[in-house]
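A.B. asks: task: produce atomic coordinates for the following.
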Amino acid sequence: MEQIQIPKEIGVLPLRNSVLFPHAIMPISVGRRKTLNLLDDVVRDSKPIAVISQRNPSDDDPDPTGMYRLGAVARILKVVKLSGNNVNLIIQGMGRVRVDRFSATEPYIKASITELDDAVDKNTELDAMVRSLVNQFQRFANVSQNISSDLADMVLSAGVEDPARLSDLAASVLPISVEEKIGLLERANVKDRVQKLVEIVTRELELNEISSKIQSQVADEVGKTQRQYYLREQMKAIQRELGEDDDRFAEIEELRKKIEAAGLPEEAKKAAEKELDRLSKMPPQAAEYTVSRTYLDWLINLPWKEETEDHLDLKEAKKILDDQHYDLTKVKDRILEYLAVRSLKKDLKAQILCFAGPPGVGKTSLGKSIAKAMGRKFVRMSLGGVRDEAEIRGHRRTYIGSLPGRIIQGIKKAGTKNPVFVLDEIDKVGNDFRGDPSSALLEVLDPEQNSAFSDHYLEVDFDLSKVFFICTANVLDAIPHALRDRMEVLQLPGYTEEEKIAIAERHLVPRQLEDHGLSTEQLEIQPDGLRRVVTEYTREAGVRNLDREVATICRKVARTIVEGNTDKTVVDHDKVPDLLGPTRFFREVAEQAGRTGVSTGLVWTMAGGEILFIEASRMRGKGKVTLTGRLGDVMRESALAAISWIRANTESLGIDEELFEKSDFHIHVPAGAIPKDGPSAGVTLTCALVSLLTDIPLKPELGMTGEITLRGKVLPVGGIKEKVIAAKSAGLKNIILPDKNEKDLEDVSDPVKNALTFHFVREVEEVLDLAFGPALREHAVRVGSQTEGNGNGSTGAGTDGHDIDIVSGGSYGA
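C.D. replies: Reported below is the predicted structural model:
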């Protein structure tokens, strides 16, 4: 047994009407205040507890005098919270302990204990006693109604080689009094314990035989009704001997035929036949009958050999994908490549893909299209908020109402062993005391392991290697590294303005017209009307809100038709406000043009790309720097790096060094309710501060992204495609990017690239030249000529001597 560290002082769980022995596993229900306090303290850190039986089982709040001095130290295997304050526990005894003294009663009982080791002196006499115990216990288990076959097998599994464990397990299941069990618990000498157990089991056997005789005598005296019942049962037995099938016999035979026809693998077939034999010997009134029958139904109805044939016509598959989804070229190519290889290698393992992108870009619907293109069944399982490992692996059949996990349930629902299985929101899987579902998914999503996936309910392996798993996620960072490593990630970035309009014309508008009972003769939404809806009424990477706005237009038109309007409604640019109300989103770039101390940055968010304004202001003070706008740690460090670089280069920039000693600075990022963070705002912060200190505004319609170092190097950043799309949507014309990000423009569509002018930089000086043009150089020359000879120059002091006041926090991809 696994060794655990037992502290000298330990929390005590009082136990009613029972005794916990070492090695024994016991389910218990608790709800007393002190016990709940104990669980709050020990479950989090997996601490052991002492389980001590109380003398009076009716005492709800036993004190130390009402408890025995012998018990067992135990570990908690599982905790299940029920309604109210009730909690179900599964505990396992780890060793004997003696209570030296009870040290506390609040907030729960604590005691100082001494561990009692088993004294084992193996010899011929002990071996003989153990063999006698095994034989007597086996006889008793066969005739006793209190010990199931599973319990008996568990006890006897200890064998004669481990008499200490055998005696403890046997003592734990015997139907004897608490006092007798305490007597066995306190016998640390294994030989004495085994000898006492032989006496007890022999006594119980004799009592059971006497009880059987008494019951037999009572049965002989039963009334007429009981006698008729027995006669009917005998009649059924005679019919079975004569081959005259009754309903029960027909049911068993039907199940046997289904098992033969189900095509089960050898292991599953053996399990099914064994369970069927148990079922045939079990009366229908037995509590386990329904459990056993349900298990057989699951084994029989799973698609062990049923699978659909893939459609390997690449042209037809491409047509289906193009008809149902606009753009997404990389994803479509990946699916067509898989089908091409599948046509060459028939036993190719299914792929495991992960579609990552902002909400509303079509990740889940793309899975449906892939299933249709391949001719496979489609199954979807949402993982958002799943916290119980049993949701993936299933519950063990020892629990009432247990079922297989949702993976196996989905396979049964599909009816084939090779569906397209979408695991939605894999980045939102949680974990708590019930287990870690993301760890259980490691087996499901590993092509080297999932050919023998083990569900706790089935207890036989199921082959998932032919299932085409597709996961979806908004943020990859939230997926554990080991799980992400098992998937091929395909990014689905946001759509451009033109792409959204095309999607609306091809898919959204026709679907909404059909859903609202309208025709093109009653409503027409022109391209300029759609463009206005996209730019002024939605702000998203996907098309979910665009779909809602189109639905709103359809509802309002439907109302006018019902109210008597028979004219065709044409929604153009000017008609949109009449249906959707005032403009909700404005392009702020034009408003910021010509202002000093303001720069425009490009950021990545969970919803796609965005533009972000950074404002800087200066007032009289003593060098204090305040950062606001819910900035994360990375953006705060970028701001300090920008200040340090500017101070180290004041002379070349034409900035008076004394400004830093006599002024306070405030850097603010608007939209203060939104947390912001990420390593891509360095150049934007630097330009805002230089603009403030030189009183020169940045060029209009200019956006930028990139991180800086103290040496003035511009570092590459991520999310380029999303940022560029956001820049175009916001009306920017010129974009400054790190030179190492030039390769990332390959993923950007030609219409977007043609609408923007890109400038690639390596140094901060290049950024400033592009952002301010000749005005900054002229300013530096002018200031230099005025201060020449005054010894005013660079100090390289960084931010030393300045107080930093940060009013910020949170995380948002800058």
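A.B. asks: A helix includes Ile10, no?
C.D. replies: No. Going by DSSP: H, G, I helix; E, B strand; the rest coil, the assignment for Ile10 is strand, not a helix.
A.B. asks: C-terminal to the top strand by length along the chain, what's the next element?
C.D. replies: In terms of residue count, the longest strand belonging to the chain (DSSP state E) is strand 87-104. Heading C-terminal from strand 87-104, the first helix or strand you meet, by DSSP states H and E, is strand 110-116.
A.B. asks: now do the longest strand of the chain: which elements does it pack against?
C.D. replies: Packed against strand 87-104 by the contact rule (3 or more C-beta pairs under 8 Å, 6 or more residues apart in numbering; DSSP states H and E) you find strand 9-15, strand 25-30, helix 33-42, strand 49-54, strand 67-81, strand 110-116. Any C-beta I mention is one placed from the backbone N, CA and C, and that applies to glycine too.
A.B. asks: TSV for those, including mean pLDDT?
C.D. replies: Listed next are these as TSV, based on pLDDT from 0 to 100:
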stretch	mean pLDDT
strand 9-15	90
strand 25-30	90
helix 33-42	88
strand 49-54	92
strand 67-81	90
strand 110-116	90
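A.B. asks: doesn't Asn135 fall inside a strand?
C.D. replies: No. Asn135: not assigned to a strand; according to three-state DSSP it is helix.
A.B. asks: before we move on, the earlier item: next, the angle from the longest strand of the chain to strand 67-81.
C.D. replies: 140 degrees (axes from the mean of the first three to the mean of the last three C-alpha atoms, to 10 degrees).
A.B. asks: pretty sure Ile176 contacts Arg203?
C.D. replies: No. Using C-beta atoms under 8 Å, Ile176 is not in contact with Arg203, being 9.2 Å away.
A.B. asks: okay, these two: which has more neighbours?
C.D. replies: Neighbour count, other C-beta atoms under 10 Å: between Ile176 and Arg203, Ile176 has more, with 17 against 11.
A.B. asks: what distance do you get for that one to Leu38?
C.D. replies: 28 Å (C-beta to C-beta, to the nearest Å).
A.B. asks: what of Ile76?
C.D. replies: Relative to Leu38, Ile76 is positioned 10 Å away (criterion: C-beta to C-beta).
A.B. asks: neighbour count winner among those two?
C.D. replies: With neighbours defined as other C-beta under 10 Å, Ile76 and Leu38 compare such that Leu38 has more, 22 against 18.
A.B. asks: which residue comes closest to the more buried one once chain neighbours are left out?
C.D. replies: Closest residue to Leu38 apart from its sequence neighbours, by C-beta to C-beta, 6 or more residues apart in numbering: Tyr108 at 4.1 Å.
A.B. asks: separation between the one you found and Lys269?
C.D. replies: Computed with C-beta to C-beta, the distance linking Tyr108 and Lys269 is 51 Å.
A.B. asks: more neighbours: which of those two?
C.D. replies: Set Tyr108 next to Lys269 and count neighbours by other C-beta under 10 Å: Tyr108 wins out with 22 against 17.
A.B. asks: how many residues are close by Gly731?
C.D. replies: 15.
A.B. asks: what does the one 10 residues further on give?
C.D. replies: Asn741 is flanked by 21 other residues according to other C-beta under 10 Å.
A.B. asks: for this structure, which helix is longest?
C.D. replies: Longest helix in the chain by number of residues, with DSSP state H as the criterion: helix 190-220.
A.B. asks: gap between stretch 415-422 and the chain center?
C.D. replies: Taking C-alpha atoms, centre = their mean, to the nearest Å, one finds stretch 415-422 lying 21 Å from the centre of the chain it belongs to.
A.B. asks: would you mark the buried spots in that stretch?
C.D. replies: For stretch 415-422, the neighbour count (16 or more other C-beta atoms under 10 Å) marks 416-422 as buried.
A.B. asks: of those, which pair is most distant in space?
C.D. replies: Greatest spatial distance in the buried residues of stretch 415-422: Lys417 and Val422, 16.5 Å, computed using C-beta to C-beta.
A.B. asks: what about the strands in the stretch 451-600 of the chain?
C.D. replies: Remark: strands assigned in the stretch 451-600 of the chain by DSSP state E, counting those that start in this stretch are 453-454, 461-462, 468-473, 488-491, 523-525, 569-571, 598-605.
A.B. asks: average pLDDT for the longest strand of the chain?
C.D. replies: This predicted structure assigns strand 87-104 an average pLDDT of 90.
A.B. asks: check stretch 314-326 too.
C.D. replies: Looking at stretch 314-326 alone, the average pLDDT works out to 85.
A.B. asks: over to stretch 442-458?
C.D. replies: In this model, stretch 442-458 has a mean pLDDT of 86.
A.B. asks: now stretch 365-379
C.D. replies: Over the span of stretch 365-379, the pLDDT mean works out to 89.
A.B. asks: might one say that Ile503 is in contact with Tyr495?
C.D. replies: Yes. When contacts are counted by C-beta under 8 Å, Ile503 is listed as touching Tyr495 (6.7 Å).
A.B. asks: what's around Asn471, how many residues?
C.D. replies: Residue 471: Cys, not Asn. By the other C-beta under 10 Å criterion, the neighbourhood of Cys471 contains 28 residues.
A.B. asks: could you tell me which residues touch both of Ile76 and Leu38?
C.D. replies: Both Ile76 and Leu38 are in contact with Ile49, where contact means C-beta atoms under 8 Å, 6 or more residues apart in numbering.
A.B. asks: contacts only, for the spatially most central residue of the chain.
C.D. replies: Computing the C-alpha centroid of the chain and ranking residues by C-alpha atoms, centre = their mean puts Val429 first, at 1.1 Å. Under the criterion of C-beta under 8 Å, 6+ apart, the contact list for Val429 reads 383-384, 386-387, 437-438, 441.
A.B. asks: and it, how far is that from Tyr326?
C.D. replies: Taken as C-beta to C-beta, the span from Val429 to Tyr326 is 30 Å.
A.B. asks: also Ala287?
C.D. replies: Applying C-beta to C-beta, one obtains 57 Å for the distance of Ala287 from Tyr326.
A.B. asks: all set, thanks.
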